[in-house]
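A.B. asks: Mind looking at a prediction? Sequence and model below.
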Amino acid sequence: GTSTNSLTFTYTVGTGLTDLNGISVAADSLKPNGGSIVDVAGNTAVLSHSALTDNSSLLVDTTLPEIASIVRAAPLAQETNADPLVFTVTFSEPVAVSSVTSSDFAVTGATGTTIGVSPVGTDTATVFTVTVSGGDLPNLNGYQSVSLGLATSPAGQFSDVAGNIGTAIATGATVETYLVDNLRPAVSEDAITVVATRGNGNTPILSTLRIGDKVTATYTPTVDGSQDSDVTSVTFNFGQFGASSPVTGVRQEAGDGTVSYRAVYQITADGINGSSASVRVQATDSAGNVSLLSSDDRVFFVDNQVPTISSILTSSATDTGSSSSDRLTNATTLRYLVTFSDPVTGVGGDDFVVNVNVPDFDSTSVRVTGVERSTTNPNLYTLTVTGSVLNNLDNKAVSIGLAPGATIYYLAGRSEEHTSELQSR
């Protein structure tokens, strides 16, 4: 001031000015601005000076903090039935943790909810997790929009390190919403079709299904706004056919835009013997709601219990030895009694092999030439064996067993330990 050796200059920081490096003064920046500085003798002051570098203890921040984005965190998908809903709120700069509370936020689209705020930081933080839970969230249906924003009464506010108070979401900020739906889809029986085919062929089966048969199930959701029009995945339960776990359907779209889901199950060996079975379908919509199991109205009968050969015995009618059970014979036509565990179909001579205990045995020289099913026991068959080799045997064993590749009620590829033999002499 006047009559002193020092002058003090005051500068008022204006709105919008920011200096995060610290205040500095350029060399020779002091100007009289039309005035004059003189000493008591009338000499004009020399105003040249050196520069003052950035002073990190004098920072300028007048920028108001803003919310830069509000995005979905858990779940990430927009369509959901979740409770709670978790948002990530990101600010334009670090703000004081103590200045951000649940009362600064408001939920639109749901009422009675509880808001929880958790900072990603201790004293200051840029990112906060905001959780919305309860209220009528569990009752919202039809993909109701639920969003998070700043409270208006009283207004939500927050402060940065410099004490600037923000009350706004930035223009152009990303603000994501949830679409909440708790209504489970309803699967209609009319939308389910099931076709069974024999083995790997295309012949439809209307009777009992057995090992190797295929069951193809298709579910076609409606597109008219019904409770299943928003289905995104379908599982098919073939448990009554012997499947150990549900099968996820493959999504298919026809040329006209019709969407369907399809699954195929091939029946394997299990313990089902003549039980009724139907396919059950469960659908999941885009919000994660799962329908009740719905059964197709078509019922099949399943028998996937593997029939086995219980015994192969020599026929006493063939035995010409000293007793009817010593399995000694001089007959050139042999008969065996084959008993299965269950009634079977498709039994033929080619389903069996005959073995003769001679060197260089030619399997074409003897074979099963006759198959006769018992009229009193549906599981019992009499096999007739003939062949030129039987005319020249001297105390040699002739045995019979199931042939590899036998097609007796889908025993294909199975081996049998049961054999019986005659000593031909």
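C.D. replies: Right, received. Where do you want to start?

A.B. asks: Just the helices from the stretch 301-425 of the chain, written as ranges.
C.D. replies: For the stretch 301-425 of the chain, no helices turn up when DSSP state H, counting those that start in this stretch is the criterion.

A.B. asks: where in it is pLDDT low?
C.D. replies: Residue ranges of the stretch 301-425 of the chain with pLDDT under 70: 409-425.

A.B. asks: For the nearest residue to residue 366 once chain neighbours are set aside, what are phi and psi?
C.D. replies: The shortest distance from residue 366 to any residue other than its chain neighbours is 2.8 Å, reached at residue 387 (C-beta to C-beta, 6 or more residues apart in numbering). The way it works is simple: take the backbone N, C-alpha and C, and place the C-beta from them, glycine included. When read as degrees, to the nearest 10, the backbone of residue 387 gives phi 160, psi 150.

A.B. asks: same deal with residue 103?
C.D. replies: Torsion angles, degrees, to the nearest 10, at residue 103: phi -70, psi -10.

A.B. asks: Next one: it, what pLDDT does it get?
C.D. replies: At residue 103, the predicted lDDT confidence score is 95.

A.B. asks: Near the spatially closest residue to it that is not a sequence neighbour, how many other residues are there?
C.D. replies: Take residue 103 and drop its neighbours on the chain: the residue closest to it by C-beta to C-beta, 6+ apart is residue 151, 6.3 Å away. Number of residues near residue 151 (other C-beta atoms under 10 Å) recorded here: 17.

A.B. asks: I'd say residue 151 and residue 101 touch.
C.D. replies: No. Between residue 151 and residue 101 there is no contact under C-beta atoms under 8 Å: 9.9 Å.

A.B. asks: Now do residue 404 against residue 350, distance only.
C.D. replies: 11 Å (C-beta to C-beta, to the nearest Å).

A.B. asks: More neighbours: those two, which one.
C.D. replies: residue 350 (13 against 10).

A.B. asks: Which residues are in contact with that one?
C.D. replies: Applying C-beta atoms under 8 Å, 6 or more residues apart in numbering, one finds that residue 350 lies in contact with 368, 403, 406.

A.B. asks: ok, 10 Å please
C.D. replies: By C-beta atoms under 10 Å, 6 or more residues apart in numbering, the contact set of residue 350 is 367-368, 371, 403, 405-407.

A.B. asks: ok, now residue 198?
C.D. replies: 204-205, 207, 209-210, 212-214, 410.

A.B. asks: if I look at residue 189, how far off is residue 219?
C.D. replies: Counting by C-beta to C-beta - residue 189 and residue 219 are separated by 10 Å.
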